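Participant: show me how the following folds:
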Amino acid sequence: MRHRRKYLLFAGVPEVSGENVAETISAICQDRLQLAEASSSSFSVCHRLGAATAGRTRVILVRFKDAIWRKKTALKGSSVVVSEYLTRDRQAVFLEARKHYGMRSVWTLEGTIFVKVSAGKTRRVVTAEQLRKLVSECPPAVPQQAATTSGTATGLDNDKASKNSSDTMTRSARRAKTNLK
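Facilitator: I've put the predicted structure just below:
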(Lines give C-alpha, C1' and ligand atoms only; values in the text may rest on other atoms or scores of the structure.)
Protein backbone atom coordinates (compact mmCIF):
# COMPACT_ATOMS: atom_id res chain seq x y z
CA MET A 1 0.00 0.00 0.00
CA ARG A 2 2.92 2.31 0.67
CA HIS A 3 3.85 2.45 -3.03
CA ARG A 4 0.25 2.73 -4.23
CA ARG A 5 -0.26 5.97 -2.27
CA LYS A 6 1.55 7.84 -5.02
CA TYR A 7 -0.91 6.80 -7.72
CA LEU A 8 -4.44 7.78 -8.73
CA LEU A 9 -6.93 6.09 -11.03
CA PHE A 10 -8.88 8.15 -13.56
CA ALA A 11 -12.04 6.32 -14.64
CA GLY A 12 -14.59 7.38 -17.24
CA VAL A 13 -12.12 8.96 -19.65
CA PRO A 14 -13.18 8.02 -23.20
CA GLU A 15 -10.69 5.76 -24.95
CA VAL A 16 -9.50 6.54 -28.48
CA SER A 17 -7.16 4.38 -30.54
CA GLY A 18 -3.68 5.87 -30.83
CA GLU A 19 -4.30 8.33 -28.00
CA ASN A 20 -1.64 10.04 -25.93
CA VAL A 21 -2.92 9.30 -22.43
CA ALA A 22 -0.59 11.79 -20.74
CA GLU A 23 -1.92 14.59 -22.99
CA THR A 24 -5.51 13.59 -22.18
CA ILE A 25 -4.87 13.65 -18.41
CA SER A 26 -3.00 16.95 -18.60
CA ALA A 27 -5.93 18.46 -20.54
CA ILE A 28 -8.36 17.28 -17.83
CA CYS A 29 -6.11 18.70 -15.10
CA GLN A 30 -5.75 22.05 -16.88
CA ASP A 31 -9.38 22.46 -17.97
CA ARG A 32 -11.41 20.93 -15.14
CA LEU A 33 -9.04 21.16 -12.16
CA GLN A 34 -7.51 24.55 -13.06
CA LEU A 35 -3.94 23.23 -12.70
CA ALA A 36 -1.97 25.26 -15.24
CA GLU A 37 1.32 23.55 -14.30
CA ALA A 38 0.03 20.09 -15.31
CA SER A 39 1.64 19.00 -18.57
CA SER A 40 2.15 15.62 -20.17
CA SER A 41 5.81 15.66 -19.11
CA SER A 42 4.88 16.25 -15.44
CA PHE A 43 3.56 12.68 -15.05
CA SER A 44 6.28 10.07 -14.58
CA VAL A 45 3.71 7.28 -14.99
CA CYS A 46 0.54 7.61 -17.06
CA HIS A 47 -1.03 4.65 -18.87
CA ARG A 48 -4.23 2.61 -19.13
CA LEU A 49 -4.58 -0.61 -17.11
CA GLY A 50 -5.64 -3.94 -18.56
CA ALA A 51 -6.36 -5.16 -22.06
CA ALA A 52 -8.59 -3.19 -24.41
CA THR A 53 -12.08 -4.65 -24.83
CA ALA A 54 -14.91 -3.39 -27.00
CA GLY A 55 -17.58 -1.34 -25.22
CA ARG A 56 -15.55 -0.77 -22.05
CA THR A 57 -13.16 2.03 -21.18
CA ARG A 58 -10.09 1.18 -19.14
CA VAL A 59 -8.96 3.22 -16.15
CA ILE A 60 -5.82 5.35 -16.36
CA LEU A 61 -3.08 4.96 -13.77
CA VAL A 62 -1.27 8.23 -12.99
CA ARG A 63 1.54 9.00 -10.61
CA PHE A 64 0.00 12.09 -9.12
CA LYS A 65 0.74 15.36 -7.47
CA ASP A 66 -1.10 16.26 -4.28
CA ALA A 67 -2.72 19.16 -6.14
CA ILE A 68 -4.75 16.76 -8.30
CA TRP A 69 -6.11 14.88 -5.29
CA ARG A 70 -7.03 18.10 -3.46
CA LYS A 71 -8.95 19.49 -6.45
CA LYS A 72 -10.75 16.30 -7.51
CA THR A 73 -14.13 17.68 -6.42
CA ALA A 74 -14.02 19.99 -9.45
CA LEU A 75 -14.77 16.91 -11.56
CA LYS A 76 -18.30 16.57 -10.13
CA GLY A 77 -20.85 16.44 -12.90
CA SER A 78 -18.40 15.02 -15.45
CA SER A 79 -17.88 11.42 -16.47
CA VAL A 80 -14.35 11.42 -15.00
CA VAL A 81 -13.83 9.94 -11.53
CA VAL A 82 -10.55 10.10 -9.60
CA SER A 83 -9.86 7.47 -6.96
CA GLU A 84 -6.93 6.03 -5.06
CA TYR A 85 -5.14 2.94 -6.30
CA LEU A 86 -6.09 0.55 -3.48
CA THR A 87 -5.07 -3.08 -3.09
CA ARG A 88 -7.71 -5.66 -3.92
CA ASP A 89 -8.41 -6.39 -0.25
CA ARG A 90 -8.76 -2.72 0.71
CA GLN A 91 -10.93 -2.02 -2.34
CA ALA A 92 -13.27 -4.83 -1.24
CA VAL A 93 -13.43 -3.41 2.31
CA PHE A 94 -14.04 0.08 0.91
CA LEU A 95 -16.95 -1.09 -1.27
CA GLU A 96 -18.47 -3.11 1.58
CA ALA A 97 -18.25 -0.08 3.90
CA ARG A 98 -20.04 2.04 1.29
CA LYS A 99 -22.82 -0.56 1.12
CA HIS A 100 -23.36 -0.26 4.87
CA TYR A 101 -22.77 3.43 5.53
CA GLY A 102 -23.39 5.10 2.16
CA MET A 103 -21.27 6.98 -0.32
CA ARG A 104 -21.05 10.25 1.61
CA SER A 105 -19.94 8.59 4.85
CA VAL A 106 -17.01 6.52 3.52
CA TRP A 107 -13.83 7.80 1.87
CA THR A 108 -10.14 6.99 1.51
CA LEU A 109 -7.06 9.04 2.24
CA GLU A 110 -3.57 7.70 1.54
CA GLY A 111 -4.88 4.14 1.37
CA THR A 112 -6.75 4.27 4.67
CA ILE A 113 -10.53 3.89 4.72
CA PHE A 114 -12.46 6.32 6.90
CA VAL A 115 -16.08 5.80 7.99
CA LYS A 116 -18.23 8.54 9.49
CA VAL A 117 -20.34 6.63 12.01
CA SER A 118 -22.17 9.54 13.64
CA ALA A 119 -22.05 13.31 13.84
CA GLY A 120 -18.44 14.21 14.43
CA LYS A 121 -17.19 10.63 14.92
CA THR A 122 -14.96 9.05 12.30
CA ARG A 123 -13.39 5.59 12.48
CA ARG A 124 -10.44 4.21 10.56
CA VAL A 125 -10.87 0.79 8.92
CA VAL A 126 -8.23 -1.30 7.14
CA THR A 127 -9.43 -4.92 7.21
CA ALA A 128 -12.73 -6.71 6.68
CA GLU A 129 -12.65 -7.87 10.30
CA GLN A 130 -12.39 -4.28 11.52
CA LEU A 131 -15.36 -3.34 9.32
CA ARG A 132 -17.49 -6.23 10.69
CA LYS A 133 -16.64 -5.13 14.23
CA LEU A 134 -17.51 -1.52 13.40
CA VAL A 135 -20.86 -2.49 11.86
CA SER A 136 -21.76 -4.50 14.98
CA GLU A 137 -20.68 -1.67 17.35
CA CYS A 138 -22.08 1.25 15.33
CA PRO A 139 -24.88 0.02 13.07
CA PRO A 140 -25.55 2.22 10.05
CA ALA A 141 -28.40 4.69 10.38
CA VAL A 142 -31.60 3.69 8.59
CA PRO A 143 -32.23 5.97 5.61
CA GLN A 144 -35.17 8.29 6.29
CA GLN A 145 -37.09 7.35 3.14
CA ALA A 146 -36.95 3.62 3.92
CA ALA A 147 -38.29 4.19 7.44
CA THR A 148 -41.32 6.15 6.27
CA THR A 149 -42.32 3.80 3.45
CA SER A 150 -41.85 0.57 5.39
CA GLY A 151 -44.80 1.29 7.66
CA THR A 152 -42.84 0.92 10.89
CA ALA A 153 -43.25 4.59 11.80
CA THR A 154 -47.04 4.43 11.56
CA GLY A 155 -47.51 0.92 12.93
CA LEU A 156 -48.90 -0.44 9.64
CA ASP A 157 -47.80 -3.71 8.17
CA ASN A 158 -45.98 -3.66 4.81
CA ASP A 159 -49.05 -4.40 2.65
CA LYS A 160 -51.05 -1.53 4.13
CA ALA A 161 -48.07 0.83 3.92
CA SER A 162 -47.50 0.07 0.24
CA LYS A 163 -51.25 0.46 -0.46
CA ASN A 164 -51.28 3.83 1.34
CA SER A 165 -48.25 5.08 -0.59
CA SER A 166 -49.81 4.01 -3.93
CA ASP A 167 -53.10 5.73 -2.96
CA THR A 168 -51.18 8.90 -2.15
CA MET A 169 -49.43 8.82 -5.50
CA THR A 170 -52.76 8.28 -7.26
CA ARG A 171 -54.30 11.26 -5.46
CA SER A 172 -51.36 13.50 -6.36
CA ALA A 173 -51.54 12.36 -9.99
CA ARG A 174 -55.26 13.19 -10.04
CA ARG A 175 -54.54 16.64 -8.61
CA ALA A 176 -51.92 17.27 -11.26
CA LYS A 177 -54.40 16.24 -13.98
CA THR A 178 -57.10 18.58 -12.72
CA ASN A 179 -54.62 21.45 -12.50
CA LEU A 180 -53.72 20.94 -16.16
CA LYS A 181 -57.37 21.21 -17.30
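
Participant: and the gap between Ala52 and Ser79?
Facilitator: The spacing between Ala52 and Ser79, counted by C-beta to C-beta, to the nearest Å, is 18 Å. Where C-beta positions appear, they are placed from N, C-alpha and C, glycine not excepted.

Participant: contacting residues for Pro14?
Facilitator: 57, 79 (C-beta atoms under 8 Å, 6 or more residues apart in numbering).

Participant: regarding it, what is its secondary structure?
Facilitator: coil (DSSP: H, G, I helix; E, B strand; the rest coil).

Participant: packing partners of the longest strand along the chain?
Facilitator: As assigned by DSSP state E, the longest strand anywhere in the chain is strand 112-118. On a contact count with 3 or more C-beta pairs under 8 Å, 6 or more residues apart in numbering; DSSP states H and E, strand 112-118 meets helix 88-101, strand 106-109, strand 121-125, helix 128-137.

Participant: just send the ones you listed back as CSV, with distance to Cys46, mean neighbour count and mean pLDDT too.
Facilitator: Converted to CSV, the helices and strands packed on strand 112-118 look like this (distance: least, C-beta to C-beta, whole Å; neighbours: other C-beta atoms under 10 Å; pLDDT from 0 to 100):
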stretch, distance to Cys46, mean neighbour count, mean pLDDT
helix 88-101, 21, 16, 92
strand 106-109, 21, 16, 87
strand 121-125, 30, 14, 91
helix 128-137, 32, 14, 92
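
Participant: which of those sits closest to Ala27?
Facilitator: With C-beta to C-beta, the closest approach to Ala27 among the helices and strands packed on strand 112-118 belongs to strand 106-109: 25.5 Å.

Participant: pairing partners for the closest one, with directions?
Facilitator: When pairing is defined by DSSP bridges, strand 106-109 lines up against strand 112-118 (antiparallel).

Participant: distance from the partner strand to the middle of the chain?
Facilitator: 14 Å (C-alpha atoms, centre = their mean, to the nearest Å).

Participant: let me see the mean pLDDT of that strand.
Facilitator: What strand 112-118 shows for mean pLDDT is 89.

Participant: quick one: closest of the helices and strands packed on strand 112-118 to Leu8.
Facilitator: Across these, closest to Leu8 is strand 106-109 (C-beta to C-beta), at 11.0 Å.
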